[in-house]
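Visitor: sequence first, predicted coordinates after that:
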Amino acid sequence: MVEKRRKKYVEDLARLIRKETVSVFEENPDLTKFREFHEILKEMFPKVFQSCEYDDFEGSLLLKWKGREGGKLPVMFMNHHDVVEAPGKWEHGPFSGDVADQKLWGRGTLDTKSGLWAMLQAAEELIGEGFVPDRDIYFESACTEETTGKGAEQIARALEEQGICFDMVFDEGGMIMHEPIGGAKGTFAMVGMGEKGNCILKFIARSAGGHASTPGKNTPLVRLGAFMAEVDRKCPFQSEISPVVREMFKRISPYMGSLGLITGHTKLFGGLLKAALPGISSTAGAMLRTTLAFTMAQASEGRNVLPQMAWVVGDMRFSHHQGEASSIAALKRIADQYDIEIEIIEHGIDSGIADHDSEGFRLLEKAVKTVFPGVDAAVPYIMTGASDSRFFGRICKNCFRFLPFQIDEQQLNSIHGLNENINIDTLVPAVDYYKYLMREV
């Protein structure tokens, strides 16, 4: 029975992978391929689309599965169907849907057509069994998650205008990994409880320009270079062990050997941990403070011309405790020393933080333990990346970010990279995980 399910699941998910749905930064993108993708979903999940109300928000979709009772707040399940571009030489074509080495290959196998497929497959099977949820269940899938986030934002605002709030939201995010943090010898379901805000900044250095044969001192590129080096060396942002990170270490420390004595007593060893953690794990270190990555640059268009203006772009992920304004202020103190202007290209969004002591987290934890008995613990953490659920913070206090797939380090690195793939033996448990949640909510 399991093998029969797995075979069908692989075939169905491969069909979704083969439909290219790359989203790009365009003012008026062509939505044809996303609506064609919707048609594939309608063919694949006929019971879902017959039983649910369906709305199309410019290529992003929203489904409402009516529950038995009107008194309970609804629940939402989310995953997006757009993917990033797939350049480079892949072992298997990025839109091939090939099956090899017990894995399904292609862009979207992890991020996150797999999650979308699994949650709709779970609903399709439950509807086929005659199941009706106790409360309304919504399904949301945007076509803009990898770019502007416009689809999820539109849907969240529309629901807010209708006065709809959610008891809990289940979105993509962390997954099941062995040793997700260096030294943690166990297998953990990493559950994102919130995410850092994402602000895009432009750092500008100006001058009168001139000929490269008489450069003078402190030209724009020199000042920008010195500024970037100082930010990289000194890290001007405040580190703090938040309640979520404290709970993360509490749950994971029993598996960290002697190091667990430190991570398990954050109040006692907080200073040592804040200093040492970035060296132990860059991912864990990023949970403690704002980060800034310099990603783009431009200066003169001539090899022998001093630029009148040079700039670099920085991708800043600000922490909950410091926030956007305070993080920018910390950068400005350094930028002023080098006569550099800061321009905000795109403001970030404060996501809010879910409660790890809530009914929703306990339900998620029970689902993981029931379906994945080899998992040692469900562990809350702060996501350093962005998800569409940040837009739903205004209508839900508890947004949980977790995908029920077990992955290894290569697969983690393949997200937005080369050779994205998923283990085919994790597909059946993923559907069972969503079925458990839908029955119990």
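Guide: Sure thing, it's come through.

Visitor: what's the first-to-last distance across stretch 314-325?
Guide: 15 Å (CA to CA, to the nearest Å).

Visitor: distance of Gln337 from Arg206?
Guide: Distance of Gln337 to Arg206, given as CB to CB, to the nearest Å: 15 Å. In this view, the C-beta of every residue, glycine as well, is placed from N, C-alpha and C.

Visitor: so which of these two has more stuff around it?
Guide: More neighbours surround Arg206 than the other of Gln337 and Arg206, with 15 against 12 (other CB atoms under 10 Å).

Visitor: was I right about the more buried one contacting Met309?
Guide: Yes - counting by CB atoms under 8 Å, Met309 is a contact partner of Arg206 at 5.1 Å.

Visitor: quick one: common contacting residues for the two?
Guide: Applying CB atoms under 8 Å, 6 or more residues apart in numbering, one finds that Arg206 and Met309 are jointly contacted by Pro220.

Visitor: C-terminal to the strand or helix carrying Leu403, what's the next element?
Guide: In the assignment (DSSP states H and E), Leu403 maps to strand 399-406. Per DSSP H and E, the first helix or strand lying C-terminal to strand 399-406 is helix 409-414.

Visitor: flag every buried residue along whichever helix or strand Val222 is part of.
Guide: Using DSSP H and E, Val222 sits in helix 220-234. By neighbour count on 16 or more other CB atoms under 10 Å, the buried set for helix 220-234 is 220-228, 231.

Visitor: then stretch 317-336?
Guide: Within stretch 317-336, the residues scored as buried using 16+ other CB under 10 Å are 317-320, 322-324, 327-328, 330-331, 334-335.

Visitor: stretch 20-34 too?
Guide: Across stretch 20-34, burial judged by 16+ other CB under 10 Å covers 20-23, 29, 33-34.

Visitor: contacting residues around the helix or strand following the helix holding Val222?
Guide: The helix or strand immediately downstream of helix 220-234 is helix 243-252, counting by DSSP H and E. Residues outside helix 243-252 that contact it (CB under 8 Å, 6+ apart): 181, 184, 186, 188, 193-194, 241, 260, 263-264, 266, 273, 284, 287-288, 353, 356, 377-382.

Visitor: average pLDDT for helix 243-252?
Guide: Mean per-residue pLDDT for helix 243-252: 92.

Visitor: dump that helix to PDB, restricted to CA.
Guide: Provided in PDB are the C-alpha atoms of helix 243-252 (Å, rounded to 0.1, in the frame of the first residue of the first chain):
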ATOM      1  CA  PRO A 243      13.100  33.600  24.100                       C
ATOM      2  CA  VAL A 244      12.700  31.500  20.900                       C
ATOM      3  CA  VAL A 245      16.400  30.900  20.600                       C
ATOM      4  CA  ARG A 246      16.600  30.200  24.400                       C
ATOM      5  CA  GLU A 247      13.900  27.500  23.900                       C
ATOM      6  CA  MET A 248      15.700  26.200  20.800                       C
ATOM      7  CA  PHE A 249      18.900  25.600  22.900                       C
ATOM      8  CA  LYS A 250      16.900  24.200  25.800                       C
ATOM      9  CA  ARG A 251      15.400  21.500  23.500                       C
ATOM     10  CA  ILE A 252      18.600  20.800  21.500                       C
END
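
Visitor: which secondary structure elements does the next helix or strand after that helix sit against?
Guide: Toward the C-terminal end, the helix or strand that comes next after helix 243-252 (DSSP H and E) is helix 260-263. Contacts defined by 3 or more CB pairs under 8 Å, 6 or more residues apart in numbering; DSSP states H and E place helix 260-263 against helix 243-252, helix 266-280.

Visitor: check which element follows the helix or strand of the chain at the bottom of the mean pLDDT ranking along the chain.
Guide: Here the helix or strand of the chain ranked lowest by mean pLDDT, DSSP states H and E is helix 266-280, holding a mean of 73. Tracing the chain C-terminally past helix 266-280 and defining elements by DSSP H and E, one meets helix 282-286 next.

Visitor: quick one: buried residues of that following helix?
Guide: Neighbour counts over helix 282-286 (16+ other CB under 10 Å) mark 283-286 as buried.

Visitor: sorry, back to before: any idea how far the helix holding Val222 is from the middle of the chain?
Guide: Helix 220-234 sits 29 Å away from the centroid of its parent chain (CA atoms, centre = their mean, to the nearest Å).

Visitor: tell me the helices and strands packed up against it.
Guide: Applying 3+ CB pairs under 8 Å, 6+ apart, we find helix 220-234 packed against strand 197-206, strand 291-298, strand 309-318, helix 323-335, strand 340-346.

Visitor: got the angle for the fourth one vs helix 220-234?
Guide: Angle between the axes of helix 323-335 and helix 220-234 is 120 degrees (criterion: axes from the mean of the first three to the mean of the last three CA atoms, to 10 degrees).

Visitor: now helix 323-335: how far from the chain's centre is it?
Guide: Helix 323-335 sits 25 Å away from the centroid of its parent chain (CA atoms, centre = their mean).

Visitor: what does stretch 301-321 give?
Guide: Remark: stretch 301-321 is offset 26 Å from the chain centroid, using CA atoms, centre = their mean.

Visitor: stretch 418-431 now?
Guide: Offset of stretch 418-431 from its chain centre (CA atoms, centre = their mean): 18 Å.

Visitor: extract the C-alpha trace of that stretch and format it as PDB.
Guide: Extracted in PDB, the C-alpha atoms of stretch 418-431 (Å, rounded to 0.1, in the frame of the first residue of the first chain):
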ATOM      1  CA  LEU A 418      22.000  23.500  -8.200                       C
ATOM      2  CA  ASN A 419      20.500  20.000  -8.200                       C
ATOM      3  CA  GLU A 420      17.500  20.600  -6.000                       C
ATOM      4  CA  ASN A 421      15.900  17.200  -5.100                       C
ATOM      5  CA  ILE A 422      13.700  15.400  -2.600                       C
ATOM      6  CA  ASN A 423      13.800  11.900  -1.200                       C
ATOM      7  CA  ILE A 424      10.900   9.900  -2.600                       C
ATOM      8  CA  ASP A 425      10.500   8.000   0.700                       C
ATOM      9  CA  THR A 426       9.600  11.200   2.500                       C
ATOM     10  CA  LEU A 427       6.500  11.900   0.400                       C
ATOM     11  CA  VAL A 428       4.100   9.500   2.100                       C
ATOM     12  CA  PRO A 429       4.900  10.700   5.600                       C
ATOM     13  CA  ALA A 430       4.500  14.300   4.400                       C
ATOM     14  CA  VAL A 431       0.900  13.700   3.200                       C
END
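
Visitor: check which residues of that stretch are buried.
Guide: 419-424, 426-431.

Visitor: of those, closest to Gln298?
Guide: Proximity of the buried residues of stretch 418-431 to Gln298 (CB to CB) peaks at Glu420, which lies at 30.6 Å.
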